[in-house]
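Visitor: sequence unavailable; structure follows:
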């Protein structure tokens, strides 16, 4: 399951041992292409918690993590950003990126 994250509840990511955050926007074509990939991986990978953050609605989070292009997928360990992938990636590439940061 992918949980929505906002400026006000980012502590859910901070409390997670291993989190994947999809920074996106509803108007972004590549974001819409990536969303089903993220949802499928959320069902397959038990080792991570998955979150989605709309950058238009949560600009403070986007700014705080230097999000300039979307989609951007951040890997967080114990609330700290450890890696970021920008742009659409097919499912296997995204899975490899996530697992490489485990």
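Guide: Happy to help now that I have it. Just so it is clear, the model here is predicted, and its values are computed rather than measured. Residues are numbered from 1 along each chain as shown.
Visitor: what does stretch 21-40 rub up against?
Guide: Identification of contacts with stretch 21-40 by CB atoms under 8 Å, 6 or more residues apart in numbering yields 2, 5, 13, 20, 50-56, 61-62, 65, 67, 70-74, 76, 87-91, 94. The way it works is simple: take the backbone N, C-alpha and C, and place the C-beta from them, glycine included.
Visitor: derive a ChimeraX selection command for the buried subset of the residues you listed.
Guide: Below is the selection syntax for ChimeraX that covers the buried ones among the contacts of stretch 21-40, with 16 or more other CB atoms under 10 Å defining burial:
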select :2,5,13,20,50,51,52,53,54,55,61,62,65,67,70,71,72,73,74,76,88,89,94
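Visitor: strands - which of the contacts of stretch 21-40 land there?
Guide: Within those, residues falling in strands by DSSP state E are 2, 20, 50-54, 72-74, 76.
Visitor: okay if I get those as TSV plus pLDDT and distance to residue 27?
Guide: Listed next are the ones in strands among the contacts of stretch 21-40 as TSV, based on pLDDT from 0 to 100; distance: CB to CB, whole Å:
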residue	pLDDT	distance to residue 27
2	96	19
20	98	22
50	98	22
51	97	20
52	97	15
53	97	15
54	97	10
72	98	15
73	98	18
74	97	20
76	97	25
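Visitor: same list, these, but as TSV with distance to residue 99 please.
Guide: Formatted as TSV, the ones in strands among the contacts of stretch 21-40 follow (distance: CB to CB, whole Å):
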residue	distance to residue 99
2	17
20	11
50	13
51	17
52	19
53	21
54	26
72	18
73	13
74	15
76	15
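Visitor: and these, which two are the farthest apart?
Guide: Checked with CB to CB, the ones in strands among the contacts of stretch 21-40 reach their widest spread between 54 and 76, with 17.4 Å between them.
Visitor: brilliant, that's me finished.
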